[in-house]
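*Asks:* quick one, structure for this:
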Amino acid sequence: MFAILLAISTGVVFAMQTAINAQLRKFVISPFLASMISFSVGVIFLAITILVSGLPLGIPFDLFLSQPIFIWLGGICGAVAVTTNILLFPKLGSVQTAIMPILGMTLMSMLIDNYGWINSRQYSFGLNRVFGVLLVIIGVFLAVALPSMKTNQDPSEATKKNMLNQWIWRLVGIMSGILLAIQIAINGQLGKVLNSSSHAAFVSFLVGTITLIIVVGVMDRSYTNIKEPIKQSAPWWVWIGGILGGSYVLINVFLVDQIGNGQTVVLVLFGQITGSLMVEKFGLFNSSKNQIKPIQIFGLIVMIVGVFLIRVF
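*Replies:* Below you'll find the predicted structure:
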């Protein structure tokens, strides 16, 4: 029972991370700088966690020469995905920012499993998995498309343009989920190579941090806005997005050992969707407050059932 509650809570916390990072962006302006701060905090948190556990941070140098280069680059996918979510949050709201990446992640994970990409274990498509994907797609339609169609039955030109822009951002969200699925697969292989999931998470966050430091230098050409949250007396919680992300990774490692990968994924996603509903319903972390429609909740339930069929059977 404890593991189930912990899994759901972890998903809720992860949903809140996106809202927190979106608020951090309001102070530092740049989504790249906001992501960089989040990753930097996360890598420090993971380093402290590893050291406290009595393990060394170092990685044998010969592994860099003996392993394919892609195995070290999962953090790049994570950096792009987190930055994308920061951009999506004010455009789509908390619920859709959670839903669209889940769709992309689910579809890409199935392709990775079916073809054994990134040296992962191969799982062929079965009837349960195909039916699960259909349910996920139907759930997304009920939670995202149907409410929009009902709201805009006779849209003006401006509304049509806004709807088109929203669908573009939704597609970007799906791409974010695809990158997250690739990152998970890469980190899974890295964990096997290092014989430590916590070290794999640390390497992923470190690579993501270095990537974002370079991106900020190229795109923003300045790091001075990093002081703005302090100068503007921002709430203390704008700094903890990276800690939540690091905790999410570490707790998932613990849960997979306790209740298995399939149940962990389903319960964490249930918590993530629940958390996104809470954020949007109550306007948590100074985010926009929006009414949640019953059809959206039903669509999210259908999605969870689909993910359950994909991941557990």
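
*Asks:* okay, and for this protein, where does confidence drop off?
*Replies:* For the chain, the stretches with pLDDT under 70 are 148-160, 260-262, 313.

*Asks:* mind checking the longest helix of it?
*Replies:* Ranked by residue count under DSSP state H, the longest helix found in the chain is helix 74-115.

*Asks:* could you check the angle helix 74-115 makes with the next helix or strand along the chain from it?
*Replies:* Sequence order places helix 127-140 as the next helix or strand after helix 74-115, per DSSP states H and E. Our comparison of helix 127-140 with helix 74-115, counting by axes from the mean of the first three to the mean of the last three Cα atoms, to 10 degrees, yields an angle of 130 degrees.

*Asks:* of all the residues in helix 127-140, which ones are buried?
*Replies:* Buried residues in helix 127-140, counted by 16 or more other Cβ atoms under 10 Å: 129, 132, 133, 135, 136, 137, 139, 140. Placement of C-beta: from N, CA and C, glycine included.

*Asks:* for the fifth one, give me its contacts.
*Replies:* Taking Cβ atoms under 8 Å, 6 or more residues apart in numbering as the contact definition, residue 136 lies against 102, 103, 106, 107, 302, 303, 306, 307, 310.

*Asks:* the first one contacts residue 268, doesn't it?
*Replies:* Read that as residue 102. No - using Cβ atoms under 8 Å, residue 102 is not in contact with residue 268; the gap is 10.6 Å.

*Asks:* what's the PyMOL syntax to select whichever of the contacts of residue 136 are buried?
*Replies:* The buried subset of the contacts of residue 136, as determined by 16+ other Cβ under 10 Å, is captured in PyMOL by this line:
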select buried, resi 102+103+106+107+302+303+306+307+310
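
*Asks:* of all the contacts of residue 136, which two lie farthest apart?
*Replies:* Using Cβ to Cβ, those reach their maximum pairwise distance at 107 and 302, which is 15.8 Å.

*Asks:* figure out the helix or strand that residue 59 lives in.
*Replies:* Residue 59 belongs to no helix or strand, assigned by DSSP H and E.

*Asks:* tell me how far it lies from residue 78.
*Replies:* Separation of residue 59 from residue 78 (Cβ to Cβ, to the nearest Å) stands at 18 Å.

*Asks:* correct me if wrong: residue 197 contacts residue 254.
*Replies:* No - shown here, residue 197 and residue 254 do not form a contact pair, counting by Cβ under 8 Å, at 9.2 Å.

*Asks:* who's more crowded, these two?
*Replies:* residue 197 (20 against 16; other Cβ atoms under 10 Å).

*Asks:* tell me the contacts of the more buried one?
*Replies:* Counting by Cβ under 8 Å, 6+ apart, residue 197 has contacts 187, 191, 249, 253.

*Asks:* could you redo the last one with a cut-off of 6 Å?
*Replies:* Residues in contact with residue 197, defined by Cβ atoms under 6 Å, 6 or more residues apart in numbering, are 191, 253.

*Asks:* can you pull out the helices in the stretch 101-250 of the chain?
*Replies:* Along the stretch 101-250 of the chain, counting by DSSP state H, counting those that start in this stretch, helices occupy 127-140, 146-151, 157-194, 197-219, 228-231, 241-259.

*Asks:* related to what we said a few turns ago, ok now the longest helix of the chain, how far from the chain's centre?
*Replies:* Chain-centre distance of helix 74-115: 6 Å, with Cα atoms, centre = their mean, to the nearest Å.
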